[in-house]
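S.K.: give me coordinates for this.
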Amino acid sequence: MRPAALLAVCALAVSLLVAGCGTEEAPSVGRAADGSPTCRSRPSTAEPTDIKRDGVRILPPGCDTASGAPIDFEVTNSRTEPLTYTVTFEIRDSAGAVVSSPRRTVAAVAPGRTVRDTVQPGEVLGAGAALRVRIAKVRAVPAGEDTADSATCPPSGMRVTTDRGDAAMGLRAVGLHLANCGTAAVRLHGYPRLQVLDEELRPVTGVRILDGTGAISTAGGPDTPPRPVTLRPGETASASLMWRNTTESGEPVNAPYLRVTPKPGSPPAVVTPELDLGTTGRLGVGPWVKDKDRAPGSGERP
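M.R.: Numbers count the residues shown, from 1 in each chain. The predicted structure follows:
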């Protein structure tokens, strides 16, 4: 290419970058005359919402765009309390098919702070240059109410998590799990107390929390009456969450978060069961049952 033409191309590239076309510069890998790798920039085909979402931004990659190369990103907490972020990415091939869904948790990001981190995409087949990465989902839990991804046992000695659940014909069932990770016994009796939260961690009004799941569905068997539960260190208990996602008239409720108080007076924990309640306005919860005492099929599945 003639020098004048090369300068014109460079000037055009700089002007596009300054103008902010909504794309990140993503290098591709070339080879110099001596065979060593060199980088040349090319605009990514990713949409702006693919690389920047809910306070998370994918950073432009370096020269290493080979399959399995790490993904650099940054998290900015624009809220007023420390948050723990769990970011799910999607890596797609040239046909748009998802080939990997890596996830990374960044703990206790302080208000106003930006934290950089890296996620490993895992084993990905195909040419690196043909792959595209996007941010699929961002969940941010108050750091003081995060027990699922805490590196250490919470002061309460209780770690609260949810499983992936099950779904069939509009019926949803998710297991709520409590582990005694402390050094003293934990005593439970009755139902966990629940508060449904929206994407901004605000309480959702108009949702009835029902003691028991029988009013939602009897497919899991009759409701089990609450009984006292004592968990020694290392022991676990669980409770069933059940709802329907039927949508009729009105505004459907999609609430990712649930604030759980395991027993009266205990500190709450926030989990992410991804509640798609439709317009039903009801969420059923079963009582705590010690896991070794739970009969197979006792309300854990629809």
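S.K.: alpha carbons only for contacts and neighbour counts from here, please
M.R.: Fine.
S.K.: what's the average pLDDT for stretch 104-121?
M.R.: Here stretch 104-121 scores 95 as its mean pLDDT.
S.K.: may I have it exported as PDB, CA atoms only?
M.R.: Provided in PDB are the C-alpha atoms of stretch 104-121 (Å, rounded to 0.1, in the frame of the first residue of the first chain):
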ATOM      1  CA  ARG A 104     -17.100 -15.100  37.400                       C
ATOM      2  CA  THR A 105     -17.900 -13.600  40.800                       C
ATOM      3  CA  VAL A 106     -16.200 -10.400  41.900                       C
ATOM      4  CA  ALA A 107     -16.700 -10.000  45.700                       C
ATOM      5  CA  ALA A 108     -17.400  -6.800  47.700                       C
ATOM      6  CA  VAL A 109     -16.900  -4.000  45.200                       C
ATOM      7  CA  ALA A 110     -17.000  -0.800  47.100                       C
ATOM      8  CA  PRO A 111     -19.300   2.100  46.100                       C
ATOM      9  CA  GLY A 112     -17.800   4.200  43.400                       C
ATOM     10  CA  ARG A 113     -15.000   1.800  42.700                       C
ATOM     11  CA  THR A 114     -14.000   0.000  39.500                       C
ATOM     12  CA  VAL A 115     -12.400  -3.400  39.800                       C
ATOM     13  CA  ARG A 116     -10.700  -5.300  36.900                       C
ATOM     14  CA  ASP A 117     -10.900  -9.100  36.700                       C
ATOM     15  CA  THR A 118     -10.400 -12.000  34.300                       C
ATOM     16  CA  VAL A 119     -12.600 -15.000  33.500                       C
ATOM     17  CA  GLN A 120     -11.300 -18.200  31.800                       C
ATOM     18  CA  PRO A 121     -13.700 -19.200  29.000                       C
END
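S.K.: and it, how far from the chain's centre?
M.R.: 13 Å (C-alpha atoms, centre = their mean, to the nearest Å).
S.K.: buried sites along it?
M.R.: Going by neighbour count (16 or more other C-alpha atoms under 10 Å), the buried part of stretch 104-121 is Arg104, Thr105, Val106, Ala107, Ala108, Val109, Ala110, Val119, Pro121.
S.K.: tabulate the residues you listed in CSV, adding columns for secondary structure and distance to Pro252.
M.R.: Output for the buried residues of stretch 104-121, formatted as CSV (DSSP: H, G, I helix; E, B strand; the rest coil; distance: C-alpha to C-alpha, whole Å):
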residue, secondary structure, distance to Pro252
Arg104, strand, 29
Thr105, strand, 29
Val106, strand, 31
Ala107, strand, 31
Ala108, strand, 31
Val109, strand, 31
Ala110, coil, 33
Val119, strand, 34
Pro121, coil, 34
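S.K.: mind giving me JSON lines with those residues and columns for distance to Ala95?
M.R.: Formatted as JSON lines, the buried residues of stretch 104-121 follow (distance: C-alpha to C-alpha, whole Å):
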{"residue": "Arg104", "distance to Ala95": "25"}
{"residue": "Thr105", "distance to Ala95": "28"}
{"residue": "Val106", "distance to Ala95": "31"}
{"residue": "Ala107", "distance to Ala95": "34"}
{"residue": "Ala108", "distance to Ala95": "37"}
{"residue": "Val109", "distance to Ala95": "36"}
{"residue": "Ala110", "distance to Ala95": "39"}
{"residue": "Val119", "distance to Ala95": "23"}
{"residue": "Pro121", "distance to Ala95": "18"}
